[in-house]
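Visitor: heads up, no residue letters with this:
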Ligand SMILES: Nc1ncnc2c1ncn2[C@@H]1O[C@H](COP(=O)(O)OP(=O)(O)OP(=O)(O)O)[C@@H](O)[C@H]1O
Ligand SMILES: [Zn+2]
């Protein structure tokens, strides 16, 4: 109900307001008379017993009888959401089959969660010096000399005193306060600040990409080039073109850990850092970036996948760096692939999109080969530097000592690198100390109480941890099963254990372990990466965090401790992923003046992935993988979608999953898709439904999981089929949930 007397005046218009909660539908409200409201405007409107912020999605004339609707409470003065961004949000919601409100949430969390801007106070010299002088006071006055305005905190820092000293000087009139304008979201970047001398190949590539930006039309270009070939330098030129035109660019990175080095590199090229966007940026800063982008004041953003939903006012370019990286797939909440959605956003904004990688995904390569995407290649490293020499260490023939993981040959290579004053890197994609703990006396294995997973021993934290749900418990002295004391044994290596071995093997080497689960977050990591680049350590030990994108000038030897880890996962992309990861990590070696060498420890040197890696014949590997995908109808030649049914117990989840599968075969025929009969061989144009099967990780966070997988031809309406199925199938109740994962990347 509108308030008294409002009904007449507001009978005119209805606003459909999308609220950032897990709902697909917009709520309808009457527009109060005199409120100037248009689609895209942010408003506050009653939702249940509270007021919620939302976005006007549509304005329409009120039909008769609409007067019992509540009315919009207030219009907020945030920059409105542009039609193109609203279209993108609708698109992502439809594609991922997620409620629109949830997608909206990813786009508007920033302005709504920030408090008011803090007032920044500056001080400068004013009156005569105070009556009473102290050493701290004279330091402040000396620092403030010249009459410049300082932020209060900066002056306190410069004078090495507390803010109280400054307040005292203000009280006595020696300093005066001045309100400062809010800190800008980012300083302007200068496209001509430090343009590099590009090599001929690089210049050619840069020209093509620059032309794509200038075309002011949608395009996608794969920028492919071996590690260290200068892809970053080249796409910087495309960004420069956007900035020169006064337009905007977005650079997506798979991991926050990567952004630190990138920001510095960017600043060296453009004279200022880009705006940063990821979960570690504070709420107020984010709100500032959000509004500044909407107003067109900020030109370049570097960020994680959530930056895709930012309100760019004039987006000329999207760069997806390391486009093959699996971290671009978001798995929880709205599950979407940021690389694919970047292409969609680019299409809607008529932007140029650059997908950069040394090891492109098969999807992207096929798109380039089939002419849907452009392709630009850099064939050699910058300055003709050699790619690292790769050799396999066959662990069956050259095993390390018992309970050890570093083979004699790798040890020798590292030793001589240290002697030459160079760095080594040991790569092991396993966090913690050991992936499994068991009792030597009874064989008891420590398992997570909530998940089908072993607990990982983390010695630094003195705990056993589940990597799926975060469950954590103390590592006991006594076996909980047989009560034997001191019989627990760590099985297999993690980076922490490797560090222990390295300390024994190379007692004089300064070692640094990098793992995403260490406390201190991105700040600590950033310091550590800087320290490594400065040569403050000899041996780097790390998980996949160290594999990507870093430039370590002194690094010459890379050792892959267990190259086989990812190969047996049963994931259709296992070979591709392993190949990419190993190619990336070995590509960290010898990027500057030292020749690089990589030793790959494996039990299966004859595996196609290892053969391709060692021979350097990527093309052959890609060709074989691509043909296998084609034969199997897997992406990108076919499409996949997973339905993950979970429940509090196995029976309810399984029953529901089976009922869903049955319902699929009872759906009426559709003009946009056809379902292959159960158990029958699918024809080329048919969707095939597989499962349900218990998920490989059957229980996560206490929820029992069953999976259905739908595989469809490329052009079939897979979402249409799923929508029909979910509408017609049994309703999920009794704690059962169904999650949809379009183009799943994980099959666990
Ligand atoms: N034209 C150039 N002028 C000066 N330095 C360059 C040039 N091209 C490349 N470099 C330098 O060579 C190194 C490798 O370049 P860059 O990081 O751009 O390669 P990349 O292809 O992005 O590598 P990766 O795929 O491994 O991340 C960097 O230190 C970069 O600054
Ligand atoms: Zn768990």
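Guide: That came through fine. This one's a predicted model, so the numbers in the text were calculated from it and none came from an experiment. Ligands and ions are numbered 1, 2, ... in the order given.
Visitor: the residue positioned nearest the centre of the chain and ligand 1: what is the separation?
Guide: Nearest to the geometric centre of the chain sits residue 254, at 4.1 Å (CA atoms, centre = their mean). Going from residue 254 to ligand 1 by CB to the nearest ligand atom, to the nearest Å gives 12 Å. All C-beta atoms are positioned from the backbone trio N, CA, C, and that covers glycine.
Visitor: now do the buried residues in stretch 242-259.
Guide: Neighbour-count burial for stretch 242-259 flags 242-243, 247-259 (criterion: 16 or more other CB atoms under 10 Å).
Visitor: least trustworthy helix or strand in the protein by mean pLDDT?
Guide: Ranked by mean pLDDT, DSSP states H and E, the weakest helix or strand in the chain is helix 7-10, scoring a mean of 44.
Visitor: next structured bit after that helix?
Guide: Going down the chain from helix 7-10, the next helix or strand is strand 13-18, by DSSP states H and E.
Visitor: mind listing what that following strand pairs with, with the direction of each?
Guide: The strands beside strand 13-18 in its sheet (DSSP bridges) come out as strand 27-30 (antiparallel), strand 50-61 (antiparallel).
Visitor: tell me the mean pLDDT for the first one?
Guide: Okay, so that is strand 27-30. Per-residue pLDDT values across strand 27-30 average out to 93.
Visitor: most distant residue from the middle of the chain?
Guide: The chain, farthest from centre, CA atoms, centre = their mean: residue 131 at 57.1 Å.
Visitor: how about the residues of the stretch 201-350 of the chain by ligand 1?
Guide: 202, 225, 227-233 (CB under 6 Å from any ligand atom).
Visitor: quick check: the farthest pair among the residues you listed?
Guide: Distance extremes for these: the farthest pair is 202 and 227 at 14.7 Å, using CB to CB.
Visitor: so the two - more neighbours on which side?
Guide: Shown here are residue 202 and residue 227; by other CB atoms under 10 Å, residue 227 has more neighbours (23 against 20).
Visitor: show me what contacts that one?
Guide: 358, 381, 387, 583-584, 587-588, 591 (CB atoms under 8 Å, 6 or more residues apart in numbering).
Visitor: quick one: which of those residues is nearest residue 126?
Guide: residue 591 (53.4 Å).
Visitor: am I right that that closest one sits in a strand?
Guide: No. Assigned with DSSP: H, G, I helix; E, B strand; the rest coil, residue 591 falls outside any strand and is coil.
Visitor: what is the burial count for it?
Guide: Applying other CB under 10 Å, we find 22 residues neighbouring residue 591.
Visitor: and stretch 226-239, average pLDDT?
Guide: pLDDT averaged over stretch 226-239 gives 93.
Visitor: so residue 143 makes contact with residue 156?
Guide: No. With contact defined as CB atoms under 8 Å, residue 143 does not reach residue 156; the gap is 9.3 Å.
Visitor: for the two, indicate the residue with more neighbours.
Guide: Neighbour comparison, residue 143 and residue 156: the larger count goes to residue 156, with 21 against 18 (by other CB under 10 Å).
Visitor: re earlier: quick check, nearest of the residues of the stretch 201-350 of the chain next to ligand 1 to ligand 2?
Guide: Set against ligand 2, the nearest of these by CB to the ion is residue 227 (35.3 Å).
Visitor: please enumerate the helices of the stretch 401-550 of the chain.
Guide: 408-419, 495-505, 521-533 (DSSP state H, counting those that start in this stretch).
Visitor: which parts of the chain sit against ligand 2?
Guide: 448, 450-451, 466, 468-469, 471 (CB under 5 Å from the ion).
Visitor: out of those residues, who's the most crowded?
Guide: residue 448 (25 neighbours).
Visitor: that one - nearest residue in space that isn't next to it in sequence?
Guide: Nearest residue to residue 448 in three dimensions, chain neighbours excluded: residue 466, at 3.8 Å (CB to CB, 6 or more residues apart in numbering).
Visitor: before we move on, the earlier item: the residue nearest to the centre of the chain is in contact with residue 325, isn't it?
Guide: Yes. When contacts are counted by CB under 8 Å, residue 254 is listed as touching residue 325 (3.6 Å).
Visitor: check the contact lists of those two and give me the overlap.
Guide: Shared contacts of residue 254 and residue 325 (CB under 8 Å, 6+ apart): residue 548.
Visitor: OK, contacts around whichever residue of the stretch 1-150 of the chain sits closest to ligand 2?
Guide: Using CB to the ion, the single residue of the stretch 1-150 of the chain nearest to ligand 2 is residue 22, 24.3 Å away. Residues counted as contacts of residue 22 (CB under 8 Å, 6+ apart) are 99, 101-102.
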